[in-house]
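**Q** coordinates only, no sequence provided:
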């Protein structure tokens, strides 16, 4: 077994005495005890794992690329938070490692995905990751709905706005020092915002406005940091009705906000009018561009082509790609919900045995505990206390202390309000006990994730689901339920007028 170590320590943890050497020693002890061959150590110093952007963690990205290329068989970390402090990132890369047949071991949490059972466990966690994460985010969504009901904006404020009293957005008139052609200048983002709308009202193109903003030193704001404006970022800004006193209602519409308009509504409307005149042809969105439950796995039993999804004004249909391209296949198209109802009949008899279910719940419980919100809150509050002490001892300037204090406070405010672990485990147990419950609860995208986790292919013939091919990790469980049937497919149900 070729085994790799990923070890990480952030800048703050380096100060506090965390040790890369300790992580290395634990890795060597594990390899010696299991007679594994150390392949490589991926060491990342001075990098935080709180970000969801792995581009900011080049060594992590390198380790993942090597694993997905199957350069090693197992990835080891000293503790889950060395891998990532974001549950979404962890589950996403668990899913990718599982598909590449790479195991994963966390020494402290004693989570071992290197065995055949462990790899199966990893595939279940990855396959249901989106479903879990959506359930865990319900409390956060409730908070967003409450903020919208109060007329408050949700998310990062757009360019030209900052938070004022009681969290109500106000114009961003902060001075920002920039260098233009070797000379220093001062810009204020709200002035750049009004400049953009005035230029649009005069008939300037989005590209021309982006060039004008960049030339005088303005840069974008938001989660991606300061970047040059492009025609797309200008387009999004000019279409944003936030600037005339509205906020998104969460369903694609707009509602009146508490904040005052940033731009004169007459200037806003003139800008929209001039931009509409410049538009040569309205863009059309393909009606079949989204993901549906059987996207990518529905197959024609006759010609083995994939089935494509189409949605007109009514229900979604599936049609054979082979028939679309030629007339050699006679497979007719029909509605997706008809196939879904038939597929549910297969799922009704699928069952994960009780002992496996208990082990799955135990591993999920360990994983959740590694991301316990209370622990994160305690750690952040301890950091607040430390930065205050460092300021009082003279190790930080007042400006450094205020910046650190504000950053930690923001992290505290952004911690999700998750339901308690018992509620999560109860819901997960229900899903595992009856996979149909998970299917009926899920959206179309989630159903596709679940179906892809269970099946390599769902075979369609004459408007019927006639067979499914299970994923290798799940084949033993299907064999338990359908013992004695064909090994190549789960089930074959012939038409009455054919020879059985």
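**A** That came through, no problem. All values derive from a computational prediction rather than experimental measurement.
**Q** which residues are in contact with residue 179?
**A** By Cβ atoms under 8 Å, 6 or more residues apart in numbering, the contact set of residue 179 is 185, 217. C-beta coordinates here come from the backbone N, C-alpha and C atoms, glycine included.
**Q** after the helix or strand harbouring it, next one along is what?
**A** According to DSSP states H and E, residue 179 maps onto strand 176-180. Sequence-wise, the next helix or strand beyond strand 176-180 is strand 183-187, with elements assigned using DSSP H and E.
**Q** can you give me the distance of residue 92 to residue 184?
**A** Separation of residue 92 from residue 184 (Cβ to Cβ, to the nearest Å): 43 Å.
**Q** neighbour-wise, which of these two wins?
**A** A count of neighbours by other Cβ atoms under 10 Å puts residue 92 above the other of residue 92 and residue 184, at 18 against 9.
**Q** what's the pLDDT at the more buried one?
**A** Residue 92 carries a pLDDT value of 80.
**Q** so it lies in a strand, does it not?
**A** No. Counting by DSSP: H, G, I helix; E, B strand; the rest coil, residue 92 falls outside a strand, being helix.
**Q** separation between it and residue 84?
**A** For residue 92, the distance to residue 84 - Cβ to Cβ - is 9 Å.
**Q** find residues that contact each of those two.
**A** With Cβ under 8 Å, 6+ apart, residue 92 and residue 84 have no common neighbours.
**Q** any idea which helix or strand carries the residue most central in space within the chain?
**A** For the chain, the residue nearest the mean C-alpha position is residue 88 (5.8 Å; Cα atoms, centre = their mean). Here residue 88, judged by DSSP H and E, is contained in helix 87-99.
**Q** try residue 82
**A** Assigned by DSSP H and E, residue 82 falls in helix 80-83.
**Q** residue 296: neighbour count?
**A** By other Cβ under 10 Å, the residues close to residue 296 number 14.
**Q** I meant residue 80, not that one.
**A** 22.
**Q** same question for residue 191.
**A** 15.
**Q** same thing with the one 5 residues further on?
**A** Neighbours of residue 196 under the rule other Cβ under 10 Å: 26.
**Q** for it, which non-adjacent residue is spatially closest?
**A** Among residues not flanking residue 196 along the chain, residue 209 sits closest, at 5.2 Å (Cβ to Cβ, 6 or more residues apart in numbering).
**Q** next SSE downstream of the strand or helix carrying that neighbour?
**A** Element membership for residue 209, per DSSP H and E: helix 206-215. As assigned by DSSP H and E, the chain's next helix or strand after helix 206-215 is helix 231-238.
**Q** what comes up buried for that following helix?
**A** For helix 231-238, a neighbour-count test (16 or more other Cβ atoms under 10 Å) marks 233, 234, 235, 237, 238 as buried.
**Q** equivalent analysis for stretch 212-225, please.
**A** 212, 213, 214, 217, 218, 219, 220, 221.
**Q** closest to residue 303 among the residues you listed?
**A** Ranking the buried residues of stretch 212-225 by separation from residue 303, with Cβ to Cβ as the measure, puts residue 220 on top at 49.2 Å.
**Q** give me the nearest residue to that closest one, chain neighbours excluded.
**A** According to Cβ to Cβ, 6+ apart, the nearest residue to residue 220 is residue 227 (4.8 Å).
**Q** now do the helix holding residue 209: which elements does it pack against?
**A** helix 189-201, helix 231-238 (3 or more Cβ pairs under 8 Å, 6 or more residues apart in numbering; DSSP states H and E).
**Q** partner strands of the helix or strand following the shortest one, parallel or antiparallel?
**A** By that I understand helix 231-238. Remark: after helix 231-238, the chain's next helix or strand is strand 246-248, criterion DSSP H and E. Partner strands for strand 246-248, per DSSP bridges, with pairing direction: strand 254-256 (antiparallel).
**Q** show the average pLDDT along the partner strand.
**A** On average, the pLDDT along strand 254-256 is 87.
**Q** one more: stretch 182-196?
**A** 91.
**Q** got the buried residues for that stretch?
**A** 187, 188, 189, 190, 192, 193, 194, 195, 196.
**Q** and the helix holding residue 82, what other elements does it pack with?
**A** The contact analysis (3+ Cβ pairs under 8 Å, 6+ apart) places helix 80-83 against strand 2-9, helix 87-99.
**Q** ok, the buried residues of stretch 182-196 vs residue 158, which is closest?
**A** Of all the buried residues of stretch 182-196, residue 193 has the smallest distance to residue 158: 8.6 Å, by Cβ to Cβ.
**Q** measure that closest one to residue 398 for me?
**A** 31 Å.
**Q** ok, residue 348 next?
**A** With Cβ to Cβ as the criterion, residue 348 and residue 398 are 66 Å apart.
**Q** coming back round to it: the residue nearest to residue 220 contacts residue 221, doesn't it?
**A** No. The pair residue 227 and residue 221 does not pass the contact test of Cβ atoms under 8 Å, sitting 9.3 Å apart.
**Q** domains of the chain?
**A** Listed by automatic domain parsing, the domain ranges of the chain are 2-136, 156-278, 298-349+427-481.
**Q** give me the mean pLDDT for the host helix or strand of residue 359.
**A** If you go by DSSP H and E, residue 359 is part of helix 354-369. In this model, helix 354-369 carries a mean pLDDT of 70.
**Q** give me the helices and strands touching the helix or strand just after that helix, please.
**A** Downstream of helix 354-369, the next assigned helix or strand under DSSP H and E is helix 373-392. Contact analysis of helix 373-392 by 3+ Cβ pairs under 8 Å, 6+ apart lists helix 398-414 as its packing neighbours.
**Q** just the residues contacting the helix it packs on, thanks.
**A** 50, 377, 380, 381, 383, 384, 387, 388, 390, 391, 396.
**Q** filter the residues you listed down to the buried ones, ChimeraX style.
**A** Buried subset of these, written as a ChimeraX selection, criterion 16+ other Cβ under 10 Å:
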select :383,387,391,396
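**Q** how about a markdown table for the contacts of helix 398-414, with distance to residue 437 and pLDDT added?
**A** Formatted as a markdown table, those follow (distance: Cβ to Cβ, whole Å; pLDDT from 0 to 100):
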| residue | distance to residue 437 | pLDDT |
| --- | --- | --- |
| 50 | 34 | 61 |
| 377 | 32 | 75 |
| 380 | 36 | 80 |
| 381 | 38 | 83 |
| 383 | 41 | 83 |
| 384 | 42 | 85 |
| 387 | 47 | 82 |
| 388 | 49 | 85 |
| 390 | 51 | 80 |
| 391 | 53 | 79 |
| 396 | 53 | 77 |
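**Q** thinking again about what came up before, farthest pair within the buried residues of stretch 212-225?
**A** Most distant of those, by Cβ to Cβ, are 212 and 221, 17.4 Å apart.
**Q** thanks a lot, see you next time.
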